[in-house]
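based on what follows, work out the 3D shape:
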Amino acid sequence: MAGDAVDLGRVRRQHLQPAAARADLFEDRPWILTPGPETCPGALNSVLAAVALCGAVPVVMEPHAHDRAVALVSHAPHLVASLMAARLGEAPGQELRLAGRGVRDVIRVAGGDPGLWTDIVRSNAPALVEILRALTKDLEALTRALHALEVAGPGAEDAEDALAVLRDLLARGREGWAAVYEPGGGGPVREVTLTVPLAGRPGEVDRLLHAAEESGIGAEGIRLSWSGASTELSASLAASPAAAESMRRRLAADGWRVSVAAAR
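Model prediction:
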């Protein structure tokens, strides 16, 4: 596929506009409700009715459980991304020229508004402390292992122990990745190539990205590039067979042209 790679975040920002809104924005998306002792049944029922009208899926959680959940899946990842991005901010320009998609994926959320995220993190500090302490223990164990590898000779017992720590961390990281991207066990990855005409269709890219996310395809599984021979934007999406088929059905029903590559 010919063409230059397109920065996903920049393209998405350019297409965030009122025309990008759609009727199924909340369809099948979780809508978290955290009623407390003071919540009256009538108020809760009214909110549940509103959720149903939007096509969302209501999820009732205890407030503390909600705080722990969003600390784990949103707030702590944002802080970790910011920590890594801060290191990059101090790096020489020559080193930053080597930055590829991997590091861009890691730090993507660090581009959020610092003032807004200060308020968010402050409001959920107790839940975040618990997660960050666990992360600190893992980092300390990893640092000790790397130091042992540095000073130990090849085949030394200390080196083998350090390698075991490193392998365990990477294996647990792989398990966490699979829990998000391959819930229930994933099969082979399939590539889906989408051809998206942009002319006269405001918000096209953003609708495409929303559809991908709702089908279980994250931003790291999407590659956008301009075609050198036309005015179209092509998107290649790598996903599990189930997510790929969900994406294909949804886009085909909306009139998109979808070509599906063989599983690999």
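
so which bits of the top helix by length along the chain are buried?
Criterion DSSP state H: the longest helix present in the chain is helix 125-151. Going by neighbour count (16 or more other C-beta atoms under 10 Å), the buried part of helix 125-151 is 127-128, 131-132, 142, 145, 148-149. All C-beta atoms are positioned from the backbone trio N, CA, C, and that covers glycine.

list the helices and strands that helix packs on?
helix 63-70, helix 76-89, helix 157-181 (3 or more C-beta pairs under 8 Å, 6 or more residues apart in numbering; DSSP states H and E).

Ala48: what secondary structure?
One thing to correct before we go on: residue 48 is Leu, not Ala. Three-state call for Leu48 (DSSP: H, G, I helix; E, B strand; the rest coil): helix.

wait, it sits on Pro35?
No - applying C-beta atoms under 8 Å, one finds Leu48 not in contact with Pro35, separated by 10.1 Å.

tally up the residues packed near the residue lying closest to Pro58 once chain neighbours are set aside, please.
Nearest non-adjacent residue to Pro58, counting by C-beta to C-beta, 6 or more residues apart in numbering: Val51, 4.7 Å away. Val51 has 19 neighbouring residues, counting by other C-beta atoms under 10 Å.

ok so, going back, quick one: the longest helix of the chain to helix 157-181, angle?
140 degrees (axes from the mean of the first three to the mean of the last three C-alpha atoms, to 10 degrees).

you'd agree Ala91 is in a helix?
No - assigned with three-state DSSP, Ala91 falls outside any helix and is coil.

and the gap between it and Leu251?
Ala91 sits 39 Å away from Leu251, going by C-beta to C-beta, to the nearest Å.

neighbour count winner among those two?
Between Ala91 and Leu251, counting by other C-beta under 10 Å, Leu251 is the more crowded of the two (21 against 11).

gap between the two ends of stretch 94-103?
Stretch 94-103 has its terminal residues 15 Å apart, counting by C-alpha to C-alpha, to the nearest Å.

same check, this time on stretch 96-110
Stretch 96-110 end-to-end distance (C-alpha to C-alpha) = 16 Å.

pLDDT weak spots in the stretch 51-200 of the chain?
153-156, 183-200 (pLDDT under 70).

mind redoing it with 80?
Per-residue confidence for the stretch 51-200 of the chain (pLDDT under 80) gives these ranges: 152-158, 181-200.
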